[in-house]
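# sequence first, predicted coordinates after that:
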Amino acid sequence: MSFPSLVLLGNDELTAITDIQVVYSNDTSTPKPARLTRTRYDIKRQMQVLNVSGATSNRYPDIPYNASRSIRTWQGYIDVTTGSVAVWGSTDPGEEGSTTQTNLNVSLIQQAVVLKATEGVNFTLPVQNAVGPDNPSLELTYEEARQEGINWLYKITSNGAETPTYTNHYTDYWMIKDINITDHQNGTSRVNFHFEFIGIWQSIADIIDDEDV
């Protein structure tokens, strides 16, 4: 099977990746993964314990939970040619060496902290065809999938008035927690991506009391 080259789009000066793709230079006649392969998606709930200063002291476990937030992580990988994730060769014009795209890939891998894609994390989803007792085929096709972000609070601004009004700002972008490269020493490398975002605190009492739920 042909291994593709990694294509990262984004702005290395603003340390943001806008898309993650691959391109195949040969063996393009059969469908193959064109994006990340998902390995894991976790949603963890974190609870906050109510603690009111100046009141009668409580002792655990008498202190109730009063708020909750979710921490979401998405992990995936993509197998690519090592030459697309490492600067190599001569930098002189006309001589063989890394391309402009490879230089951008390496720069974004080293510096990017935000996946600035409004649609979330795009990945390739293998889908089985014609399964069942009459069609026990394990042949796969590759479909586009995505893991959308859920609005999380990333900053609070004030209008600067004497009695200020505060505005919450939310985004669906994912944070890039880790990018790891495993070099297989055969011209190919596996690039692992680990994305994360942490949701805002929500009142548990409001969630329970909400009649619309």
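Arrived safely, thanks for sending.

# what comes into contact with the longest helix anywhere in the chain?
Assignment by DSSP state H gives helix 100-111 as the longest helix of the chain. Residues from elsewhere that reach helix 100-111 (C-beta atoms under 8 Å, 6 or more residues apart in numbering): 5-8, 10, 12, 15, 17, 83-87, 98, 179, 181, 191. C-beta coordinates here come from the backbone N, C-alpha and C atoms, glycine included.

# am I right that I208 is in a helix?
Yes: if the criterion is DSSP: H, G, I helix; E, B strand; the rest coil, then I208 is within a helix.

# for it, what are its contacts?
Counting by C-beta under 8 Å, 6+ apart, there are no residues that I208 touches.

# I'd like to know how far it sits from T141.
For I208, the distance to T141 equals 44 Å [C-beta to C-beta, to the nearest Å].

# kindly report the same for V85.
From V85 over to T141 the distance is 27 Å, taken as C-beta to C-beta.

# tally up the residues packed near T73, please.
Applying other C-beta atoms under 10 Å, we find 18 residues neighbouring T73.

# could you do A16 as well?
Neighbours of A16 (other C-beta under 10 Å): 19.

# contact partners for it?
So A16 contacts 10, 112-116 (C-beta under 8 Å, 6+ apart).

# partners of the top strand by length along the chain in the sheet?
As assigned by DSSP state E, the longest strand anywhere in the chain is strand 65-81. Strand pairing for strand 65-81, using DSSP bridges, gives strand 36-49 (antiparallel), strand 188-198 (antiparallel), strand 202-203 (antiparallel).

# in TSV: those, plus mean pLDDT.
Output for the strands paired with strand 65-81, formatted as TSV (pLDDT from 0 to 100):
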stretch	mean pLDDT
strand 36-49	91
strand 188-198	95
strand 202-203	86
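
# out of those strands, flag the one nearest N168.
strand 202-203 (12.7 Å; C-beta to C-beta).

# any idea of the mean pLDDT in stretch 164-171?
Mean pLDDT, stretch 164-171: 90.

# pull the CA atoms of that stretch into PDB?
What follows is stretch 164-171, C-alpha atoms only, in PDB (Å, rounded to 0.1, in the frame of the first residue of the first chain):
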ATOM      1  CA  PRO A 164     -18.700  46.800  34.200                       C
ATOM      2  CA  THR A 165     -20.600  44.400  32.000                       C
ATOM      3  CA  TYR A 166     -18.900  41.100  31.400                       C
ATOM      4  CA  THR A 167     -19.100  39.100  28.100                       C
ATOM      5  CA  ASN A 168     -18.300  35.400  27.800                       C
ATOM      6  CA  HIS A 169     -16.600  34.300  24.600                       C
ATOM      7  CA  TYR A 170     -17.000  30.700  23.400                       C
ATOM      8  CA  THR A 171     -15.400  28.600  20.600                       C
END
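
# quick one: buried residues of that stretch?
Buried residues in stretch 164-171, defined by neighbour count with 16 or more other C-beta atoms under 10 Å: none.

# do stretch 8-23 as well
So, applying 16+ other C-beta under 10 Å, buried residues of stretch 8-23: 8-12, 15-18, 20, 22.
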